[in-house]
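Participant: for reference, the sequence and a predicted model appear below.
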Amino acid sequence: MSLGKSSGASVEMGECTRNPSYREADSDGPAAAAAAGRSSPEPAAKRLSSDAGQEYLQIQPYAGMPKEVLLRYSSQARYRVTREVLFWLTVACTLALVGITIAVIALSPGCLGWWQGSPVYQVYPRSFKDSDGDGIGDLRGIRQQLDHFLYLNIKSVWISPFYRSPMKDFGYDVEDFREIDPIFGTMHDFEELLADMHNKGLKLIMDFIPNHTSDRHRWFNLSRTRDPYYENFYVWTNCNATHPKPNNWVSIFGNSSWTYDEVRGQCYLHQFLKEQPDLNFRNPDVMKEMIDIVKFWLDKGVDGFRMDAVKHILEAEHLRDEPQVDPNKPPELVTTEWDLHSDYTTSQVGLHDLLRTFRAEIDNYSREPGRYRFMVTESYDYDEVWKTMMYYSTSLVRESDFPFNFYLLDLPHNKSGLWAKELVNLWMSNMPKGKWPNWVVGNHDRPRISTSAGPDKVRVINMLLLTLPGTATTYYGEEIGMQNINITDSQIQDPAGKYNSSLSRDPERSPMQWNDDVNAGFSSGANSTWLPVHPNYRTLNVEAQMQDDTSVLAQYRFLNRLRSSELPLNRGWFCYVHADAQVFSYLREFDGLQRAYLMVMNFGEKSAVTDLSSFPEFPERLKVLISTSHQNSGREFPKSQILTEPGEGLMIRYSTDTRFNPNHQGECYISEKACYLEFIDILYKC
Ligand SMILES: [Ca+2]
Ligand SMILES: [Ca+2]
C-alpha cells in the first residue's frame, strides 16, 4: 500500500505521527539532509531504503507500525541475522529429525507378528467346555473359558472345525462351509465368541478343509445328478459297479479310495472316508467357490486359517496305479497308505500355486494396520522334510507363515537327548534361512504326550516347547499334563476307531479337566459326556493346579510369560551346546544383552552329570532359574557338573559379556538377526 493514497493510509500516518520517535526520525531525515546542504537527487523512498540501517537505528517498535516502516526496521542487521540464523537452525533441526526417524526405521528390526509372539493353543471344540449340558463342548463353552488363555498368556487360539457337519469325521466332513453345526451353537454364538476374543486381545484361527466336503454337501448332490455347473466339482471316473476300483489308490482310513455312486453310475474319489468326496481343484469353479468361503470368514473377522491336509488337494489326472512299496505284495493286500508310494495322490504339481492363490486372497485382508491374517498348512511328509519346507513363503511368493512341524510328535520313540536334538535339528537344518520355526507335540490325531512319553516327561517336554525358537502349539490339556483315556470298544466314537479300534483317536479327545466337580467341570449336565472324563480328573485339573505353584500348569505359565518378555527367548539366537544319551542342552542369547538362558534337559531314563567346562563362554558357576523338579530351582552348579534327573529340565540364567554364537556359528540359528542397545534401550539391525 502506498503512503497517502487512501484514507486508510492517512489513518496509519496519523498513528505514526503520534509516535515521537517516528516524528523525530522523519524530521531528521530529508529535513536534516537539506539543513546540512546535501543535495538529494534520489527519490525519498530509495534513500530511505539504502540508509535504513542508519536512519532508523533509533526507532523503537511501537504498535501499529506501517508495513514499510516495519520492513525497514526489521532489515536492520541485528534482526536480519538473528532471523536468518533461526530459520536455518529450524531447517537443520527438521532435517536432522527426519534423518533420525528414517535411520531408526531403517535400523529397527521388524516387530514380531502376533502369530510369533504366543503359542497357538488348539481347542478341540467337542471337548473343551459344554455350556448347555448335552455332554458335548460348544462355542458358548469356549467363550466362557477365555480367561484361561489370558491366565496362560496365550494369544492365538486355533479351534478345530465347527462347520455344519454329519460328524462322520467330527467336523472334517463339511456339509456347509458357511454354517455352524447346531451341536456347537449358532452363527450368533460364533460372532459373540469372536467379538469377545478380540476384546480380550485373542486371535481366532479357523480350520479350513479344502480337500473334500461331506457327501451330504449340496455340491455333491448336484454333482451326482450332473447339474451342469457342479458336474465336475468332484473327481469322477468310470468304473465297474461290482468292482469299483479304477486303480489301486487307497484311502488314508484304509481300503480303496474309490466308491461307486449309483445315482451317477460312476466312481468318486475320496482320499479320506467315503463320506468325504475329494473336490476337483482342476475345475476353476471349485477354486472360485472355495475362495469365496475363505472371504466369507475373513469378512466375519477371523484372524487366520489352518489349512487341512493340503498335500492331498490335487491328484494326477492320469489315474495310473501308484507304485507299491513292496512290489511283490499281492495287489489285493494293498489296503493302507503305507503300502503305496503316494506319487500320484499327494504333492502334485500345481498344489503350491493353489495355496499361493489362497494366500493372496488372505493377504488382501491383512492390509489394515494390526489386522494381519495368518496361514498355517498341515502337511506331513515324514521322510521328505524338504517337501514340508516348500510350504514356507519365499521372498518373492507368499504361502504359509509356517507349515506345521510334527517331528516332535516322535519324541517318545526314543528317550534320549540325542534323539531330541535330532528331531529339533531335522527342522532347524532344513528350514529355509530366516524363516520362523514351530513345534507341535500333540494334536487331536496323536496320543497325548503325557501318555506316550510318560507323565514324568510332561514338564521337560513343555519346557522344550516353550524355550525353542519359534511358535509352540499346545493341544488343549497339555498345559496340565492330561493323559489319554482308556475306552472300551462300545465307547468308541471315532469313525477310524470303528474301522480299527487301534486307530481310534478318542483317547486323546477326552473332556478338558477344569476342576473336581461333576464331569471335571466340563459339563454340568447330568447326562454322560460324549467321551468319558479321565478318572484322574479329581487331582489333575486346572483349578487344583492353579493353587499349586509347583504344578505343570504353573511351570507352563511361568515359562510362557518369561518367553514373551525376554528377548533371548522370543527372538534370540538358538545354539546347540551338548547332546548325549540323556541330555540335550542348548542356549538362547541375544546380541547386546547380558542375560542368556542355558537349557539342560534330561530326556533319558538315567540321571546325568553334564560337563560344560570346555565352553569358556559360560561362567564357572551356573544358577538354576527354574527346574521341572521344583526343589532344584535356585540351585547352583559348577559348569563342570550339572546334575539332572530323568525327565528334569533346567533353565539356567546367567549374565555375561561374552557371546556364544560368534564362536559356534555352525551350531547357531536365528530367524532375523537383531541386537539390543542397553544404553538407550532399543533394538536395531546388526
Ligand atoms: Ca453342548
Ligand atoms: Ca484331493
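Facilitator: Good, I have the coordinates. Ligands and ions are numbered 1, 2, ... in the order given.
Participant: make it CA atoms for all contacts and neighbour counts henceforth
Facilitator: OK.
Participant: now do the strands in the stretch 301-450 of the chain.
Facilitator: 304-307, 374-377, 402-403, 438-440 (DSSP state E, counting those that start in this stretch).
Participant: compare those and give me the one nearest ligand 2.
Facilitator: Ligand 2 sits nearest to strand 304-307 of all these, at 13.2 Å, using Cα to the ion.
Participant: strand partners of that closest one, parallel vs antiparallel please.
Facilitator: Using DSSP bridges, strand 304-307 pairs in its sheet with strand 203-208 (parallel), strand 374-377 (parallel).
Participant: give me the residue from the stretch 451-600 of the chain nearest ligand 2.
Facilitator: Counting by Cα to the ion, the stretch 451-600 of the chain gets nearest ligand 2 through A496, at 19.1 Å.
Participant: ok, the chain next?
Facilitator: I313 (3.7 Å).
Participant: tell me who's in contact with that residue.
Facilitator: I313 sits next to 210-211, 278-279, 281, 346-347, 351 when contact means Cα atoms under 8 Å, 6 or more residues apart in numbering.
Participant: please repeat the previous calculation with a cut-off of 7 Å.
Facilitator: 210-211, 351 (Cα atoms under 7 Å, 6 or more residues apart in numbering).
Participant: likewise for I105?
Facilitator: Contacts of I105 (Cα under 7 Å, 6+ apart): none.
Participant: quick one, phi/psi of it?
Facilitator: Phi and psi for I105, reported as degrees, to the nearest 10, are phi -60, psi -40.
Participant: follow-up on the earlier one: now tabulate the strands of the stretch 301-450 of the chain in TSV and tack on distance to ligand 2.
Facilitator: What follows is the strands of the stretch 301-450 of the chain, written out as TSV (distance: least, Cα to the ion, whole Å):
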stretch	distance to ligand 2
strand 304-307	13
strand 374-377	15
strand 402-403	18
strand 438-440	25
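Participant: is it possible to get TSV of those that adds mean neighbour count, distance to N536 and mean pLDDT?
Facilitator: TSV is the format used below for the strands of the stretch 301-450 of the chain (neighbours: other Cα atoms under 10 Å; distance: least, Cα to Cα, whole Å; pLDDT from 0 to 100):
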stretch	mean neighbour count	distance to N536	mean pLDDT
strand 304-307	24	32	98
strand 374-377	22	34	98
strand 402-403	24	34	98
strand 438-440	22	25	98
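Participant: is it possible to get a markdown table of these that adds distance to N240?
Facilitator: Formatted as a markdown table, the strands of the stretch 301-450 of the chain follow (distance: least, Cα to Cα, whole Å):
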| stretch | distance to N240 |
| --- | --- |
| strand 304-307 | 34 |
| strand 374-377 | 36 |
| strand 402-403 | 39 |
| strand 438-440 | 43 |
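Participant: nearest to ligand 1, out of those?
Facilitator: strand 304-307 (23.8 Å).
Participant: which one of the contacts of I313 is nearest to I291?
Facilitator: P210 (9.7 Å; Cα to Cα).
Participant: which ones are touching I485?
Facilitator: Per Cα under 7 Å, 6+ apart, neighbours of I485: 507-508, 510, 534.
Participant: including distance to ligand 1, could the strands paired with strand 304-307 go into TSV?
Facilitator: Compiled in TSV, these are given as follows (distance: least, Cα to the ion, whole Å):
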stretch	distance to ligand 1
strand 203-208	19
strand 374-377	28
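Participant: reformat the ones you listed as JSON lines; add distance to D285.
Facilitator: What follows is these, written out as JSON lines (distance: least, Cα to Cα, whole Å):
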{"stretch": "strand 203-208", "distance to D285": "18"}
{"stretch": "strand 374-377", "distance to D285": "22"}
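Participant: so which of those strands is nearest N632?
Facilitator: Of these, nearest to N632 by Cα to Cα is strand 203-208, at 36.3 Å.
Participant: what's the following helix or strand after the closest one?
Facilitator: helix 218-224 (DSSP states H and E).
Participant: past that following helix, which element shows up next along the chain?
Facilitator: strand 236-237.
Participant: near ligand 2 at all, that following strand?
Facilitator: No. Counting by Cα under 5 Å from the ion, ligand 2 is not contacted by strand 236-237; separation bottoms out at 11.7 Å.
Participant: show me what that strand is packed against.
Facilitator: strand 266-269 (3 or more Cα pairs under 7 Å, 6 or more residues apart in numbering; DSSP states H and E).
Participant: avg pLDDT for the strand it packs on?
Facilitator: Averaging pLDDT along strand 266-269 gives 98.
Participant: name the residues that touch the very next helix or strand once past that strand?
Facilitator: For strand 266-269, the following helix or strand on the C-terminal side (DSSP H and E) is helix 284-300. With Cα under 7 Å, 6+ apart as the test, helix 284-300 has contacts from 177, 233, 280-281, 358.
Participant: and of those residues, the nearest to G454?
Facilitator: F177 (38.7 Å).
Participant: one step back: kindly provide the distance from the residue of the chain closest to ligand 2 to T471.
Facilitator: Distance, I313 to T471, by Cα to Cα, to the nearest Å: 26 Å.
Participant: just F637 next, same as before
Facilitator: 30 Å.
Participant: more neighbours: these two, which one.
Facilitator: Ranked by neighbour count (other Cα atoms under 10 Å), F637 and T471 place T471 first, with 23 against 15.
Participant: quick check: closest non-adjacent residue to the more buried one.
Facilitator: Nearest residue to T471 in three dimensions, chain neighbours excluded: N438, at 4.5 Å (Cα to Cα, 6 or more residues apart in numbering).
Participant: ok, whichever residue of the stretch 451-600 of the chain sits closest to ligand 1 - contacts?
Facilitator: When scored by Cα to the ion, the stretch 451-600 of the chain has S523 as its residue closest to ligand 1, at 7.9 Å. Going by Cα under 7 Å, 6+ apart, S523 touches 129-131, 133, 135.
Participant: with L409 instead?
Facilitator: 440-442.
Participant: so how far is ligand 1 from S627?
Facilitator: As judged by Cα to the ion, to the nearest Å, S627 and ligand 1 stand 39 Å apart.
Participant: list the contacts of L319.
Facilitator: Each residue near L319 by Cα under 7 Å, 6+ apart is listed here: N247.
Participant: give me the pLDDT value at it.
Facilitator: The predicted structure scores L319 at 97 on the pLDDT scale.
Participant: check A45 too.
Facilitator: Looking at A45, the pLDDT reads 47.
Participant: would you mind listing what in the stretch 301-450 of the chain touches ligand 1?
Facilitator: Counting by Cα under 5 Å from the ion, the stretch 301-450 of the chain has no residue next to ligand 1.
Participant: near ligand 2, which residues of the stretch 301-450 of the chain show up?
Facilitator: 312-314.
Participant: again with the chain
Facilitator: Residues of the chain lying near ligand 2 (Cα under 5 Å from the ion): 211, 278, 312-314.
Participant: switch to 8 Å and redo it
Facilitator: 211-212, 269-271, 278-281, 312-315, 345-346 (Cα under 8 Å from the ion).
Participant: nearest to S633, out of the residues you listed: which one, please.
Facilitator: Taking the residues of the chain next to ligand 2 together and measuring to S633 by Cα to Cα, the closest member is H312, at 47.3 Å.
Participant: nearest residue to that closest one other than its sequence neighbours?
Facilitator: T346 (4.7 Å).
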